[in-house]
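K.L.:
Whatever this is, show me its structure:
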Amino acid sequence: MRKKITIMASTFVFSIAITLIDAFVHPNYFLKIPIKILFFLALPMLFFLCHKEIFREFKKNFVFKKSGILKALLLGVGVYAVILGGYFLTRNVIDFSNVTATLTEDMGITAGNFIYVSLYISLMNSFLEEFFFRGFGFMTLKQYTGRKTAYIFSSTLFAIYHIGMLVGMFDVGALLLLLFGLIVGGCIFNYLNELHDNIYPSWFVHMFANFAINTVGFILFHAG
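P.N.:
Predicted structure coming up:
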């Protein structure tokens, strides 16, 4: 019970901390990188240092297995197509005009540095989020709580964590739709981890989802 509470409280506090920093502090994105590493990697590792027996089990999530990788890559390509297609289908319905302005004003992301930021987001930031929300907040938590609870808890926090970044970019309706999509996406990532007993399938799909989102960002920055 104590370990369950510690894992849930840590996941909640660390993710909400990033959400609040994004929403109210608006750090330059390059400053936010070490902040995320602190909350999503360093602090969870402190937990594992205090619970080495849990860490021995946790490390198994990072043993590379060929099974499921091809399916994950194909699913990733499909997710890329769906997200990009969704943008083209809704760009005349949803107002995307505030996206680039918010990225520039709040995070210091411009058309000039966007390619470097997008590569970091797709490759490294996706791994940090998988390590934290799926590895720590789902696979580890699932050992001490019900499977359903772990699914709901980790995927909901994964969605809430994005609010700080998305506020100001979209109206309320579009924001709620995106949050619902993130919860569903979090559940899919959890399922991929659970099915293949490692973190790489969900990371690959997450990577392709970020590639799609960053493709949309590239289009918006260079529109007109």
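K.L.:
contacting residues for the residue most central in space within the chain?
P.N.:
Nearest residue to the geometric centre of the chain (Cα atoms, centre = their mean): E129, 4.6 Å. By Cβ atoms under 8 Å, 6 or more residues apart in numbering, E129 lies in contact with F40, F158, H206. C-beta: built from backbone N, CA, C; applies to glycine.
K.L.:
Most neighbours among these, which one is it?
P.N.:
H206 (27 neighbours; other Cβ atoms under 10 Å).
K.L.:
Remind me which helix or strand that one belongs to.
P.N.:
helix 200-221 (DSSP states H and E).
K.L.:
now swap in Y80 and tell me
P.N.:
helix 69-90.
K.L.:
That helix to helix 200-221, inter-axis angle?
P.N.:
30 degrees (axes from the mean of the first three to the mean of the last three Cα atoms, to 10 degrees).
K.L.:
Please save the CA atoms from helix 69-90 in PDB.
P.N.:
Only the C-alpha atoms of helix 69-90 are listed here, as PDB (Å, rounded to 0.1, in the frame of the first residue of the first chain):
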ATOM      1  CA  ILE A  69       8.400  -3.800 -33.300                       C
ATOM      2  CA  LEU A  70       7.200  -4.200 -36.900                       C
ATOM      3  CA  LYS A  71       3.600  -3.900 -35.800                       C
ATOM      4  CA  ALA A  72       4.500  -0.800 -33.800                       C
ATOM      5  CA  LEU A  73       6.300   0.800 -36.700                       C
ATOM      6  CA  LEU A  74       3.300   0.100 -39.000                       C
ATOM      7  CA  LEU A  75       0.900   1.500 -36.300                       C
ATOM      8  CA  GLY A  76       3.200   4.500 -36.000                       C
ATOM      9  CA  VAL A  77       2.900   5.200 -39.700                       C
ATOM     10  CA  GLY A  78      -0.800   4.900 -39.500                       C
ATOM     11  CA  VAL A  79      -0.900   7.300 -36.500                       C
ATOM     12  CA  TYR A  80       1.200   9.800 -38.500                       C
ATOM     13  CA  ALA A  81      -1.300   9.600 -41.400                       C
ATOM     14  CA  VAL A  82      -4.300  10.000 -39.200                       C
ATOM     15  CA  ILE A  83      -2.900  13.000 -37.300                       C
ATOM     16  CA  LEU A  84      -1.800  14.700 -40.500                       C
ATOM     17  CA  GLY A  85      -5.000  13.900 -42.300                       C
ATOM     18  CA  GLY A  86      -7.000  15.100 -39.300                       C
ATOM     19  CA  TYR A  87      -5.200  18.500 -39.600                       C
ATOM     20  CA  PHE A  88      -6.000  18.900 -43.200                       C
ATOM     21  CA  LEU A  89      -9.700  17.900 -42.600                       C
ATOM     22  CA  THR A  90     -10.100  20.300 -39.700                       C
END
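K.L.:
Alright, calling it a day.
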